[in-house]
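Q: Sequence and predicted structure are below.
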Amino acid sequence: MDENLIITYSPKYKAYQRKIRSRQIERAKKIIETPGRKHKGKNQNDPMRFVKKTSVTPDGEIAEKKVYDIDLEQIKKEEMYDGFYAVITNLEGDIREIININKQRWEIEENFRIMKTDFEAHPVYVRREDRIKAHFMTCYISLLLYRLLEKKLGNTYTSNQIIETLHSMNMTLLNTASGYIPSYTRTELTDDLHKTFGFRTDYEFITKASMRNIIKQTKAIKKENK
């Protein structure tokens, strides 16, 4: 069978891989600090792959105890391929069309990850059927909104970056007579969010009247889009 090898590179995918790996490295550090036997699993994403075991001395003698540490060489080896994605296919036609078909599959896999990690869809802490359905419906609607927002921002940022930024965009009420001040750090992403939706919350001081006007504008936009 004739097959084609397609290799692509994406800065977005690179950021995603490094985000996942950093979490796995943190898990590996906790494993090292935890007493007891340490086993490597068969899963290729097992955090134990970043744990290095030393059981001999520099002179080649058998050590009295095993020493565990983070394997920096293994991390460096994996980082070499961050952002690269290889596809072997027997499909014929335009390369970009084939890449788009494969990209859709990758987005489906990412959707499951977002649901599980960012939206904490699992485990479910409710038992009644109607509440379970309501829980997953809320998660699916949230996922849809974040995906639409991701595309509205030109696919420049990952869903994870958008979620973390929105979570951090808090406002502090000085007092009931005064108004609000932003208690978050301004970034390129916050600037793009403000530009996309036509209002700003990163001024040094926002009166209560201005905040009510911002909320009124968002409700008006919502009605227009229905």
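A: Structure's in. What do you need?
Q: pLDDT below threshold where in this protein?
A: By pLDDT under 70, the low-scoring segments of the chain are 1, 37, 41-42, 56-65, 176, 221-226.
Q: Quick check: F119 is in a strand.
A: No. Using DSSP: H, G, I helix; E, B strand; the rest coil, the secondary structure at F119 is coil, not a strand.
Q: burial count for it?
A: For F119, the neighbour count with other C-beta atoms under 10 Å is 17. Glycine gets a C-beta too; all of them are placed from N, C-alpha and C.
Q: Could you double-check that it sits in contact with M137?
A: No. Proximity of F119 to M137 does not meet the contact threshold set by C-beta atoms under 8 Å, at 11.8 Å.
Q: Count the residues that sit near F197.
A: With other C-beta under 10 Å as criterion, F197 counts 14.
Q: ok, and for stretch 177-193, which residues are buried?
A: Using 16 or more other C-beta atoms under 10 Å as the test for burial, stretch 177-193 gives 179-180, 182, 184, 189-190, 192-193.
Q: Which members of those are positioned in helices?
A: Under the assignment DSSP state H, those contribute 189-190, 192-193 to helices.
Q: Between all of these, which two are separated the most?
A: Within these, T190 and D192 form the most distant pair, 7.4 Å apart (C-beta to C-beta).
Q: which stretches of the protein form helices?
A: So, for the chain - with DSSP H - the helices run 11-33, 72-79, 95-117, 129-152, 159-168, 188-197, 208-225.
Q: Need the winner for burial among those helices.
A: helix 159-168 (a mean of 16; mean count of other C-beta atoms under 10 Å).
Q: Next up, the contacts around the residue most central in space within the chain.
A: Closest residue to the average C-alpha location of the chain: N160 at 3.2 Å, with C-alpha atoms, centre = their mean. Counting by C-beta atoms under 8 Å, 6 or more residues apart in numbering, N160 makes contact with 16, 19, 114, 118.
Q: Can I get stretch 142-154 in PDB, CA atoms only?
A: What follows is stretch 142-154, C-alpha atoms only, in PDB (Å, rounded to 0.1, in the frame of the first residue of the first chain):
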ATOM      1  CA  SER A 142     -19.300  25.800  28.300                       C
ATOM      2  CA  LEU A 143     -17.200  23.800  25.900                       C
ATOM      3  CA  LEU A 144     -19.100  25.200  23.000                       C
ATOM      4  CA  LEU A 145     -18.800  28.800  24.200                       C
ATOM      5  CA  TYR A 146     -15.000  28.400  24.700                       C
ATOM      6  CA  ARG A 147     -14.600  26.900  21.300                       C
ATOM      7  CA  LEU A 148     -16.500  29.700  19.700                       C
ATOM      8  CA  LEU A 149     -14.500  32.300  21.600                       C
ATOM      9  CA  GLU A 150     -11.300  30.500  20.500                       C
ATOM     10  CA  LYS A 151     -12.300  30.900  16.900                       C
ATOM     11  CA  LYS A 152     -13.500  34.500  17.400                       C
ATOM     12  CA  LEU A 153     -10.000  35.300  18.700                       C
ATOM     13  CA  GLY A 154      -8.500  34.000  15.400                       C
END
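Q: Appreciated, that's everything.
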